[in-house]
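A.B. asks: here is my input; please provide its structure:
(one chain, ligands or ions: 1)
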Amino acid sequence: MSEPTRVLIFDTTLRDGEQSPGCSMNLKEKLEVARMLESLRVDIIEAGFPIASPGDFEAVQAIAETIRNCTVAGLARSIEKDVERAGEAVAKAEHKRVHVFCATSEIHRTYKLKRAKEEIVRMSVESVRQAKQYTDDVEFSPEDASRTEWDFLVEIVTAVIEAGATTVNIPDTVGYAMPAEFGDLIRHLRAKVPNVDKAVISVHCHNDLGLAVANSLAAVRAGAGQVECTINGLGERAGNAALEEVVMALKTRRDFLDTDTNIDTTKIYPASRLVAGVTGSQVQRNKAIVGDNAFAHEAGVHQDGVLKRRETYEIMKPSDIGIPSGRLVLGKHSGRHALKERVEALGFSLSNEQLDEVFEKFKALADRKKEVFDADIEALIDQQMASVTEVWRLDALQTIAGSNAVATATVTLSNDEQSFTDAATGDGPIDAAYEAISRITGVRLALTDFALRALTGGKDAQGEVTIEVEHEGRRYRARGLSTDIVEASARAYLVAVNRVLTATNGGQSKPTTS
Ligand SMILES: [Zn+2]
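C.D. replies: The predicted structure follows:
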């Protein structure tokens, strides 16, 4: 067998993914995700959109300074100030890229940019030249490429490569393309762009018709050398191509596609859990590769087959993507070392300090609950990461509720200076607790979604509350955990309050992007 062609994996979880409603991450969370992407061995991390806000700029800069083994990219529109900010933000990266985009389809030219074709080409070429002053590694995206006239696309792609673009990304910005058609477009560009060999052709597909991964694979088959994707398929609207699906399709069907990636697939599951945890955007149960049911065999005939020989119904092994084998259960007598081993088996690497904090919480949990499962440990790690940015901490919560009682909550919260206690009544104990928290913190949130689930089996299972709230036109997601569901609800609400108070982009809405 000949060596398969390497396809570059460009992860945009921190840019396109972070842009999806309610999925904003703070600086610490972004760094944690970036480190995970580095251990996953993605080729390029798109760290953010530096012009969007000072917070975005700082995050891209911090990631550029931290990550050594991946290229770090910053996004910019074809505007001088944008390119300048992106170039400055990635300046300290070991490997840096500036990614410039400009819309090219007729509908975007006419209604969004109000510019003629010649002007679009001129702006694009100028911004690629400007980006070249910061790094040799420049990517250009003609936004809404899949709805752009093919001959115009050939013209602009040729021009930006001539100007020095080393990667040209073809986005299906609105998720409109069909696989065969999108493959033909890539083939067309490879045949008609005279200098196409001087750049890598990339694709960036959205999932509005559920075809993002299929379109990306069709493009790879047609010669695309880079796929842009996100963990769990996070992203604008219906999301982007899911990294885990693209990577596992390429790996599992190497016989057909004759391509491979540099990804360490055993880090896929931990990466998926981490991103779900920090964004509060849970993975659907039947999601390909990383959903809870992805490797669950329910039908008797399937179970029988799998027990006799795994491959009868399984095309991948759970261990390929890093799902820990064996459900080792920890308890109150488990020591720090046992916890450390389990944390590592789950794919997390914590500093000694972080492990100490998680161990403290683990002991407290083991006192309340007999058996501590993997899901509990993952949740403790997620909480530990969020806890550093706590503006307000929950010190005490007491509620009174019943069928004939007025629900009352007494809450004690503290910040770095002092602690405050207040009480409130409400329509049930959760409502009362939320009211008391709002009164103390002065942050009033509109609750738009509330979900409760048991993290594991068992009567003493931890309840996980995931909420979505709205504050000044922006949405935030948060989750809280406790063996007591009222406390879990209060914790989720407090995390949301803290997110509002520490939002990286200070409530500004971001410019729209591809
Ligand atoms: Zn996008």
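A.B. asks: low-confidence bits of this structure, can you list those?
C.D. replies: Low-confidence segments of the chain (pLDDT under 70): 1-2, 297-300, 325-328, 385-389, 504-514.
A.B. asks: identify the residue of it closest to the ion, quick one.
C.D. replies: Asp16 (4.2 Å; Cβ to the ion). (C-beta placed from N, C-alpha, C; glycine too.)
A.B. asks: for that residue, which non-adjacent residue is spatially closest?
C.D. replies: Nearest non-adjacent residue to Asp16, counting by Cβ to Cβ, 6 or more residues apart in numbering: Gly235, 4.5 Å away.
A.B. asks: give me the distance between that neighbour and Val203.
C.D. replies: Gly235 sits at a distance of 14 Å from Val203 (criterion: Cβ to Cβ, to the nearest Å).
A.B. asks: assign a three-state SS to the residue of the chain closest to the ion, would you?
C.D. replies: helix (DSSP: H, G, I helix; E, B strand; the rest coil).
A.B. asks: one step back: who has more neighbours, Gly235 and Val203?
C.D. replies: Just comparing Gly235 and Val203: by other Cβ atoms under 10 Å the higher neighbour count belongs to Val203, 31 against 28.
A.B. asks: the more buried one belongs to a helix?
C.D. replies: No - Val203 is assigned strand when assessed by three-state DSSP, not a helix.
A.B. asks: burial of the closest residue to it other than its chain neighbours, as a residue count?
C.D. replies: What sits nearest to Val203 in space, not counting adjacent residues and going by Cβ to Cβ, 6+ apart, is Ala219, at 4.2 Å. Using other Cβ under 10 Å, Ala219 is surrounded by 29 other residues.
A.B. asks: Ala219 is in contact with Asp172, isn't it?
C.D. replies: No - in this structure, Ala219 is not within contact of Asp172 by Cβ atoms under 8 Å, at 9.1 Å.
A.B. asks: what do the two both touch?
C.D. replies: Residues touching both Ala219 and Asp172 (Cβ atoms under 8 Å, 6 or more residues apart in numbering): 182, 203, 205.
A.B. asks: which of the residues you listed lies closest to Arg6?
C.D. replies: Among the shared contacts of Ala219 and Asp172, Val203 lies closest to Arg6 (Cβ to Cβ), at 15.4 Å.
A.B. asks: re the thing from before, identify the residues contacting the residue nearest to Asp16.
C.D. replies: 12, 16-17, 19-20, 206-207.
A.B. asks: would you turn these into a markdown table with secondary structure?
C.D. replies: Listed next are the contacts of Gly235 as a markdown table, based on three-state DSSP:
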| residue | secondary structure |
| --- | --- |
| Thr12 | coil |
| Asp16 | helix |
| Gly17 | helix |
| Gln19 | coil |
| Ser20 | coil |
| His206 | strand |
| Asn207 | coil |
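A.B. asks: got these as JSON lines, with neighbour count and distance to Cys102 columns?
C.D. replies: Below are the contacts of Gly235 laid out as JSON lines (neighbours: other Cβ atoms under 10 Å; distance: Cβ to Cβ, whole Å):
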{"residue": "Thr12", "neighbour count": "30", "distance to Cys102": "18"}
{"residue": "Asp16", "neighbour count": "25", "distance to Cys102": "17"}
{"residue": "Gly17", "neighbour count": "27", "distance to Cys102": "22"}
{"residue": "Gln19", "neighbour count": "19", "distance to Cys102": "18"}
{"residue": "Ser20", "neighbour count": "19", "distance to Cys102": "23"}
{"residue": "His206", "neighbour count": "26", "distance to Cys102": "18"}
{"residue": "Asn207", "neighbour count": "21", "distance to Cys102": "23"}
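A.B. asks: find the pair from those residues with maximum spatial separation.
C.D. replies: Applying Cβ to Cβ across those, the maximum distance is between Gln19 and Asn207, 14.2 Å.
A.B. asks: secondary structure element holding the residue nearest to Val203?
C.D. replies: helix 212-221 (DSSP states H and E).
A.B. asks: who does that helix touch, helix- and strand-wise?
C.D. replies: In terms of contacts (3 or more Cβ pairs under 8 Å, 6 or more residues apart in numbering; DSSP states H and E), helix 212-221 is packed against strand 167-172, helix 179-192, strand 200-205, strand 226-229, helix 243-252, helix 254-257.
A.B. asks: so which of those is nearest Lys340?
C.D. replies: It's helix 243-252; of the helices and strands packed on helix 212-221, that one is closest to Lys340 (Cβ to Cβ) at 26.4 Å.
A.B. asks: now the closest one, how far from the centre of its chain.
C.D. replies: 17 Å (Cα atoms, centre = their mean, to the nearest Å).
A.B. asks: other residues contacting it?
C.D. replies: Contacts with helix 243-252, where a contact means Cβ under 8 Å, 6+ apart, come from 7, 9, 11, 13, 42, 213, 216-217, 220, 227, 229-233, 257, 259-261, 263, 265, 268, 271-272, 288-290, 315-316, 320-321.
A.B. asks: one more time with 7 Å, if that's ok
C.D. replies: The contact list for helix 243-252 (Cβ atoms under 7 Å, 6 or more residues apart in numbering) reads 7, 9, 11, 213, 216-217, 227, 229-231, 257, 259-261, 263, 265, 268, 272, 288-290, 315-316, 321.
A.B. asks: show me where the stretch 301-450 of the chain has helices.
C.D. replies: In the stretch 301-450 of the chain, the helices defined using DSSP state H, counting those that start in this stretch lie at 336-345, 352-368, 374-387, 429-441.
A.B. asks: mind checking the end-to-end distance for stretch 253-271?
C.D. replies: End-to-end distance of stretch 253-271 (Cα to Cα, to the nearest Å): 22 Å.
A.B. asks: that one: which residues count as buried?
C.D. replies: Buried residues in stretch 253-271, counted by 16 or more other Cβ atoms under 10 Å: 257, 259, 261, 263, 265, 267-271.
A.B. asks: for stretch 318-334, same thing?
C.D. replies: By 16+ other Cβ under 10 Å, the buried positions in stretch 318-334 come out as 320-323, 330, 334.
A.B. asks: go on, stretch 136-151?
C.D. replies: Here stretch 136-151 shows 137-148 as buried, counting by 16+ other Cβ under 10 Å.
A.B. asks: again, but for stretch 85-103
C.D. replies: 85-90, 93, 95-103.
A.B. asks: okay, and which of the residues you listed map to helices?
C.D. replies: Those of the buried residues of stretch 85-103 mapping onto helices are 85-89, per DSSP state H.
A.B. asks: will you turn these into a markdown table that also has distance to the ion?
C.D. replies: Output for those, formatted as a markdown table (distance: Cβ to the ion, whole Å):
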| residue | distance to the ion |
| --- | --- |
| Arg85 | 19 |
| Ala86 | 16 |
| Gly87 | 21 |
| Glu88 | 23 |
| Ala89 | 19 |
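A.B. asks: what separation do you get for the residue sitting furthest away from the middle of the chain and Ser334?
C.D. replies: Taking Cα atoms, centre = their mean, the residue of the chain most remote from its mean C-alpha position is Asn404, at 44.8 Å. Distance of Asn404 to Ser334, given as Cβ to Cβ: 44 Å.
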